[in-house]
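J.: would you be able to build a 3D model of this:
(one chain, ligands or ions: 2)
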Amino acid sequence: MKIASLIGACDDPRVQRATAKKAVPPSDPEARRLFDVAARVVRKLRDAGHEAVLAGGCVRDLLLGREPADYDVATSATAEQVQRLFRRTVPVGVQFGVVLVIESGQHLQVATFRRDGAYLDHRHPATVHFADERADAERRDFTVNGMFLDPETLEVRDHVGGLADLEAGVIRAIGDPYARFDEDRLRLLRAIRFAARFDWRIEDATWQAICKLAPTIVGIAWERIGEEIVKILTEGRARRGFELMSASGLLGVLIPEVEAMRGVAQSADHHPEGDVFTHTMLCLEKLGPQHGEALALAVLLHDVAKPLCAERRDDGRITFYGHCEKGAEMTLDIVQRLRRSRDTAERAAILVEQHLHHVQAPAMRVAKLKRFLAQEHIDDLLELVRIDALSASGNLEAYEFCRAKQAELAREARLPDPLLRGRDLIELGHRPGPRFREILERAFDAQLEGEITSREAARAWVLGHYPPAEPDSAT
Ligand code: ATP
Ligand code: MG
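T.: Numbering: from 1, shown residues only. Ligands and ions are numbered 1, 2, ... in the order given. Next up, the predicted model:
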């Protein structure tokens, strides 16, 4: 296989040279160290006579001034050559030319330039052919993900118009969108995830292909669908992600229970914002990277049973009796459908089941309230409650009551400083020894039980319970 030499002197006019838009390495020292490790891997491959560049998401992130989560290297070297060149490697996908290189404690994916063969299962190419840099750009999903970077000159190598789309904030499939989504249907969700994460527009033909192919996404593994959906929920701008999923038809296919919230009316006094779907979208808007997976899923699903439980009373009010319990059941089912862990499913379900319990808190007896607030998931539950309230009437009274009680109990739970200390015992005529510790512990118990409330009282208590022995009289 002859590989066109595209590194260095490149005079192909179709390669958009990014002289005006060079990438800038990260300024944060730790992020800079990771970039330098990646640059060293590229250098080593080049010193051995191979072409090598940084590729894909890391190039996009560097151009955006974001810290790349990880670095991928694309090279003309074969997997075997990469394995020979580096001391620590893991053959993660040698048949696809992919090797994991471990360098200075960092994992980098090093992949041979390739062109994908036919896709048979709408997810994986049946074969790959090793190819050149341009072909490797063209097999990638979106133009903004299809660029390369020379880490030494910081020059961007753009064969697919990625720079212009990055500048304009556009997600555009590389090549024919319909064909590209049809060969790998996970890309339908990836397009939406990137559009949401960066708050970018999806180019028209790309969007039309997504809408057309949405019903076919069910053919691929639920594990991968679940991963993408959780990323959409937790990477920020979850509302935009779910609105795009809904508009494209993907939501109706993947989680029809959420799509069914559309148009389900609620009483205007509790929910001036509108129907159950609108309320849920306002909740998603408040999710951020600080929120965990189980909480994010519970925020999405807390009212999932409302469409089933809605009843209009004679006075015109709309009620949803039982929607918390039914919602918990549905949450278990949906989270397991998305192949998330059993633990995540159970946590999300408990949050959904309890999302109205706090309303009773001010009327609870102390023991019940303490048990309610001592639950392991209480912080997630109260965060769900806060998000739920802020996305509806905005009434935070019951929430704030719970937070205040929580703080009060935490203060109570901390042990006070002991009133009686060793030096008091010495002043009272005790000598340091094994009994010393016993007296201090007993006095502290008496203090915790409220029997001793001051240092004077503590000293009096010692004299009453442990009178010091008579001093030895040397007669
Ligand atoms: P993230 O920041 O979420 O990691 P990323 O763009 O780095 O985003 P990865 O899944 O890490 O995404 O993949 C790295 C690169 O591999 C992508 O930028 C893209 O060039 C290519 N890629 C990944 N998945 C696909 C796919 N399903 N189809 C085509 N190309 C893909
Ligand atoms: Mg990545």
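
J.: when you work out contacts or count neighbours from here on, use the C-alpha atoms and nothing else.
T.: Will do.

J.: got a list of what the residue most central in space within the chain touches?
T.: Using Cα atoms, centre = their mean, the residue of the chain that lies closest to the mean C-alpha position is residue 234, 4.0 Å off. Applying Cα atoms under 8 Å, 6 or more residues apart in numbering to residue 234 gives the contacts 287-289, 291-293, 296.

J.: tell me the one of these nearest residue 23?
T.: Closest approach to residue 23 among the contacts of residue 234 (Cα to Cα): residue 289, at 25.6 Å.

J.: now for the closest one: which residues touch it?
T.: By Cα under 8 Å, 6+ apart, the contact list for residue 289 reads 234-236.

J.: so for residue 6, what's the pLDDT?
T.: For residue 6, the model assigns a pLDDT of 28.

J.: from the middle of its chain, how far away would stretch 452-462 be?
T.: 53 Å (Cα atoms, centre = their mean, to the nearest Å).

J.: ok, now stretch 307-318?
T.: On Cα atoms, centre = their mean, the centre of stretch 307-318 falls 36 Å from the chain's centre.

J.: that stretch: end-to-end distance?
T.: Using Cα to Cα, to the nearest Å, the span of stretch 307-318 from its first residue to its last is 11 Å.

J.: how about the stretch 251-400 of the chain: which residue is closest to ligand 1?
T.: The nearest approach of the stretch 251-400 of the chain to ligand 1 comes at residue 289, 13.4 Å away (Cα to the nearest ligand atom).

J.: that older thread, from the contacts of residue 234, list the buried ones, please.
T.: Among those, the ones that count as buried by 16 or more other Cα atoms under 10 Å are 287, 291, 293, 296.

J.: want to throw those into JSON lines with distance to residue 242, secondary structure and pLDDT?
T.: Converted to JSON lines, these look like this (distance: Cα to Cα, whole Å; DSSP: H, G, I helix; E, B strand; the rest coil; pLDDT from 0 to 100):
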{"residue": "287", "distance to residue 242": "12", "secondary structure": "coil", "pLDDT": "97"}
{"residue": "291", "distance to residue 242": "17", "secondary structure": "coil", "pLDDT": "95"}
{"residue": "293", "distance to residue 242": "16", "secondary structure": "helix", "pLDDT": "98"}
{"residue": "296", "distance to residue 242": "12", "secondary structure": "helix", "pLDDT": "98"}
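
J.: around ligand 1, pick out the residues from the chain.
T.: The chain comes close to ligand 1 at residues 56-58, 140-141, 145-146, 186-187, as judged by Cα under 6 Å from any ligand atom.

J.: turn the contacts of residue 234 into a markdown table, columns for distance to residue 459.
T.: Output for these, formatted as a markdown table (distance: Cα to Cα, whole Å):
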| residue | distance to residue 459 |
| --- | --- |
| 287 | 55 |
| 288 | 55 |
| 289 | 54 |
| 291 | 51 |
| 292 | 51 |
| 293 | 54 |
| 296 | 55 |
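
J.: quick check on residue 202: phi, psi?
T.: When read as degrees, to the nearest 10, the backbone of residue 202 gives phi -100, psi 130.

J.: how much space between it and ligand 1?
T.: Separation of residue 202 from ligand 1 (Cα to the nearest ligand atom, to the nearest Å): 16 Å.

J.: can you check residue 178 too?
T.: Distance, residue 178 to ligand 1, by Cα to the nearest ligand atom: 13 Å.

J.: can you give me the strands in the stretch 251-400 of the chain?
T.: 311-312, 318-319 (DSSP state E, counting those that start in this stretch).

J.: and the residue of the stretch 201-350 of the chain that's closest to ligand 1?
T.: At 8.2 Å from ligand 1, residue 231 is the closest residue in the stretch 201-350 of the chain, using Cα to the nearest ligand atom.

J.: what's the closest non-adjacent residue to that residue?
T.: Spatially, and ignoring its direct neighbours in sequence, residue 231 is nearest to residue 193 (7.5 Å; Cα to Cα, 6 or more residues apart in numbering).

J.: got it, and residue 223?
T.: By the measure of Cα to Cα, 6+ apart, the closest residue to residue 223 outside its immediate chain neighbours is residue 339, 5.3 Å from it.

J.: now do residue 86
T.: With Cα to Cα, 6+ apart as the criterion, residue 86 has its nearest non-adjacent residue at 7.0 Å, and that residue is residue 101.

J.: number of nearby residues for the one you found?
T.: Residue 101 has 24 neighbouring residues, counting by other Cα atoms under 10 Å.

J.: pairing partners for it in the sheet, please.
T.: Per DSSP bridges, the residues bridged to residue 101 are residue 89, residue 108.

J.: wait, it touches residue 108, no?
T.: Yes - the pair residue 101 / residue 108 is scored as a contact, 5.2 Å apart, by Cα atoms under 8 Å.

J.: now the strands for the stretch 101-250 of the chain?
T.: 106-112, 114-116, 128-130, 148-149, 156-158, 170-171, 201-202.

J.: what is the third one packed up against?
T.: When contacts are defined as 3 or more Cα pairs under 8 Å, 6 or more residues apart in numbering; DSSP states H and E, strand 128-130 packs onto strand 114-116.

J.: cool, the last one as well?
T.: When contacts are defined as 3+ Cα pairs under 8 Å, 6+ apart, strand 201-202 packs onto strand 170-171, helix 186-198.
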